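>>> With the input below, show me the fold.
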Amino acid sequence: SWCTVTIMALAWDPKRSQLHIAGKFNAINGRNIPAGLAIYDETTKRLVAHPAGGLSMVNVTEDGVGTSLQLDEKREMLYVMGSFERLTATNEICFGIAAYDIVKNKWTCLADSKHTVLPLGAGNMLLTPYGLMVCGLTTNSSTWIDRSRPYSIALLQSTLYDEKPNTRPNPVVDRFDDAGRLEQDSNGTSLTPREPVFSWSWLPSFPGHDEPLHVLSNGFAEYKGTVFIGGDNFVSKWSYQHKLEPQNMNNMKLLGSARPVTTDLRRGHVSGSIRTISQLIPPKHNPPPAPKPVLSRIIAYCIALSALIAVLIAIVFSKKMNHVVVSILSGENGSSGIPLESLTYTSIQSTSVAEAY
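Predicted coordinates:
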């Protein structure tokens, strides 16, 4: 029902302490706002209309819906995908996907009829080290070839260039740093980046799928650089891998540059609709200590028992105890008492209590 408010996606901006919100709604506390987008400011503790405006259909009286968000923290760019046809802030026609520059408060429509995929859920867009990936159903206007596998993944890559003439980067020759800044052009001249250039392509080596794709997820740790893909009866991973050639029993030789590879993880064991993927690294457990031989335990117990018996014997037959035992056995009168030397520190030698009086 359109009367039901649904939050479809969230994106946290740690620099500004703001939470971007996308979904199906058009009001906050009973006050109308541009549909589909809102923002929560942690500093002011307020939920307000999004500064980027909202989403609508071609007919502006019909609300659009935001289904997925991705935030590029380095470039301060918010990617928005959903069921919409117009950006209300600029009144620009834009079908389904756009990028919002937070710093410049500027929208860029990313829709490309040659690489259009229709969203099927909230997890179908993911920012990866390779660019922005979007999975879904390809359209008849797209350049996707295999119609028997109509569900595929489009890849959006962006580069930055100087607005001066003849300074657009050559993507084959030029290099970019971690923030996407162009380090040098083909002539060795440093350039100052200003505006992004977006380009679409299909994810290389991905064969598509004959059933819906629902989720994309980045790997980490030993799977850093890997993208996990899930859908109906489908689980796989995509990454760049080097081809290996064995040189001997212990060494492998890398052949050429890395190439994209899609690996099936289902292997006939997983069926159903995969809606979310989360990587788990089990804690490392130390192996239990090996059990000690029974014979060694018996020997250790015997040694300990022998030592205990020896201590007891030493106590029983100590000098003082021996004196008492000998007195009893020789029939001496018990009135002679105990040696005074055990009660004082004088030089009296073996003097009884009776003799002292």
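>>> Need the phi and psi values for residue 312.
phi -60, psi -40 (degrees, to the nearest 10).
>>> again, but for residue 47
Taking degrees, to the nearest 10 as the convention, residue 47 sits at phi -100, psi 120.
>>> what about it, neighbour count?
The number of residues packed near residue 47 is 14, by other C-beta atoms under 10 Å. For the C-beta atoms, the positions are set from N, CA and C on the backbone; glycine is no exception.
>>> how deep is the residue lying closest to it once chain neighbours are set aside tucked in, by neighbour count?
Using C-beta to C-beta, 6 or more residues apart in numbering and skipping the chain neighbours, the partner closest in space to residue 47 is residue 40 (4.8 Å). Using other C-beta under 10 Å, residue 40 has 16 neighbouring residues.
>>> same check, this time on the one 3 residues further on
Applying other C-beta under 10 Å, we find 8 residues neighbouring residue 43.
>>> Which of the residues in stretch 102-111 are classified as buried?
102, 107-110 (16 or more other C-beta atoms under 10 Å).
>>> measure residue 133 to residue 139 for me?
Separation of residue 133 from residue 139 (C-beta to C-beta, to the nearest Å): 17 Å.
>>> farthest-separated two in the buried residues of stretch 102-111?
Largest separation among the buried residues of stretch 102-111 by C-beta to C-beta: 102 and 109, giving 16.6 Å.
>>> lowest-confidence helix or strand of this protein?
In the chain, no helix or strand scores lower on mean pLDDT, DSSP states H and E than strand 175-176, which sits at a mean of 40.
>>> Surely residue 84 and residue 56 touch.
Yes. Assessed by C-beta atoms under 8 Å, residue 84 is found in contact with residue 56 at 6.3 Å.
>>> what sits in contact with each of these two?
Residues touching both residue 84 and residue 56 (C-beta atoms under 8 Å, 6 or more residues apart in numbering) are 36, 64.
>>> what separates stretch 230-243 from the chain centre, distance-wise?
Centroid separation for stretch 230-243 versus its chain: 18 Å, with C-alpha atoms, centre = their mean, to the nearest Å.
>>> Could you give me the buried positions within it?
Those would be 230-232, 234-239, for stretch 230-243 by 16+ other C-beta under 10 Å.
>>> Go ahead and produce PDB holding the CA coordinates of that stretch.
In PDB, the C-alpha atoms belonging to stretch 230-243 read as follows (Å, rounded to 0.1, in the frame of the first residue of the first chain):
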ATOM      1  CA  GLY A 230      23.500 -13.700  -4.700                       C
ATOM      2  CA  GLY A 231      20.200 -14.300  -6.400                       C
ATOM      3  CA  ASP A 232      17.600 -17.000  -7.000                       C
ATOM      4  CA  ASN A 233      19.500 -20.300  -7.000                       C
ATOM      5  CA  PHE A 234      22.700 -18.400  -7.400                       C
ATOM      6  CA  VAL A 235      25.800 -17.700  -5.300                       C
ATOM      7  CA  SER A 236      29.100 -16.800  -6.800                       C
ATOM      8  CA  LYS A 237      32.200 -14.600  -6.300                       C
ATOM      9  CA  TRP A 238      33.800 -12.300  -8.800                       C
ATOM     10  CA  SER A 239      37.400 -11.100  -8.600                       C
ATOM     11  CA  TYR A 240      40.600 -10.500 -10.600                       C
ATOM     12  CA  GLN A 241      42.900 -13.500 -10.500                       C
ATOM     13  CA  HIS A 242      46.300 -14.400 -11.900                       C
ATOM     14  CA  LYS A 243      46.700 -17.500 -14.000                       C
END
